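[1] just need the structure, nothing else, for what follows:
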Amino acid sequence: MAGCIKIDSLDLPELDVYARLNETQLNHYYEPEPGIFIAESPLVIERALDAGYEPLSLLMETAHVTGQAKKLLECCGDIPVYIGEADLLAQLTGFKLIRGALCAMRRKSLPTVSDVCQDARRIVVLENVQNPTNIGAIFRSAAALSMDAVLLTPDCSNPLYRRAIRVSMGTVFQIPWTITDNWVEQLRALDFAMAAMALNDNSIGIDDERLMREEKLAVVMGSEGMGLCEDTINACDYVCKIPMAHGVDSLNVAAASAVVFWEMGKM
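    Residues are numbered from 1 along each chain as shown. Here you go, the predicted structure:
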């Protein structure tokens, strides 16, 4: 365990990023430079490393140093590795840290929309989706179902919030994404057609042949409660819906995303 720092208390200032700082504080940690996020589990941390994110420190149970996190330690270089017993770390997480490790990592500067969409044919735009669980689930579906990129409006939950990362199983590090508030103009400039997911009299099915014929298509999905704002719907080329049965009017945005991405993968 050479190089590891044994801890018997969570009161160390070096553990503030794990124990006492909330997501907003982490995000602004190096302001005006990009801040910090926390990745959880060896698999997720490895995906972040593969995507070029810089590790700052690790926190894990002592038993994992020679177990499931051994390979991870070899990949992280010369950074502080704090180790403690399971009962101590459970005070921090609220549950037994069965996933093996937490890693504080440096955020990157956000890419431009043109960088994210440079080679993309099928992308998703998320407007005001504020639940990090839904964000994580959408990213996981996007990765599994061959979406090329994700754009988020500034009011969305951040994809690098810990819960979003965990739910996504680290796919937030595999799908290109960025945050933007003027995506309509930028996608127009990149020759994307845009399809709003909304229920109104003009809605067409997501399997409509007109959508199939679009060379570059962005599907736009709205918040969990209110859906898309009217201006967004009016700015899009199409209004689409998933056909429903048994009087159900809509699906949760994360569930709907999987259905839509599956259909778009056929185009």
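[2] secondary structure class for the residue nearest in space to the middle of the chain?
    In the chain, the centroid-proximal residue (CA atoms, centre = their mean) is residue 159; its distance is 3.2 Å. The three-state assignment at residue 159 reads coil, by DSSP: H, G, I helix; E, B strand; the rest coil.
[3] wait, what's in contact with it?
    135-136, 139, 150, 152, 165, 168, 172, 177 (CB atoms under 8 Å, 6 or more residues apart in numbering). Placement of C-beta: from N, CA and C, glycine included.
[4] of all those residues, which comes closest to residue 247?
    residue 135 (28.5 Å; CB to CB).
[5] could you list which of the contacts of residue 159 belong to strands?
    Counting by DSSP state E, the part of the contacts of residue 159 found in strands is 150, 152, 177.
[6] among those, which one lies nearest to residue 31?
    residue 152 (19.8 Å).
[7] what residues sit buried inside the strand or helix carrying residue 17?
    Under the criterion of DSSP states H and E, residue 17 resides in helix 16-19. Using 16 or more other CB atoms under 10 Å as the test for burial, helix 16-19 gives 17-19.
[8] need the worst-confidence member of those residues.
    Here the lowest pLDDT out of those sits on residue 19, with 86.
[9] need the contact list for that residue.
    10, 92.
[10] which one of the buried residues of helix 16-19 is nearest to residue 120?
    Of the buried residues of helix 16-19, the one sitting nearest to residue 120 (CB to CB) turns out to be residue 17, at 33.6 Å.
[11] what's the nearest residue to that closest one if we skip its chain neighbours?
    residue 104 (4.7 Å; CB to CB, 6 or more residues apart in numbering).
[12] could you report the distance from that neighbour to residue 79?
    9 Å (CB to CB, to the nearest Å).
[13] same check on residue 16?
    On the measure of CB to CB, residue 16 and residue 79 end up 16 Å apart.
[14] now swap in residue 60 and tell me
    12 Å.
[15] the two: which has the busier surroundings?
    residue 60 (25 against 14; other CB atoms under 10 Å).
[16] please name the bridge partners of that one.
    Counting by DSSP bridges, residue 60 is bridged to residue 83, residue 101.
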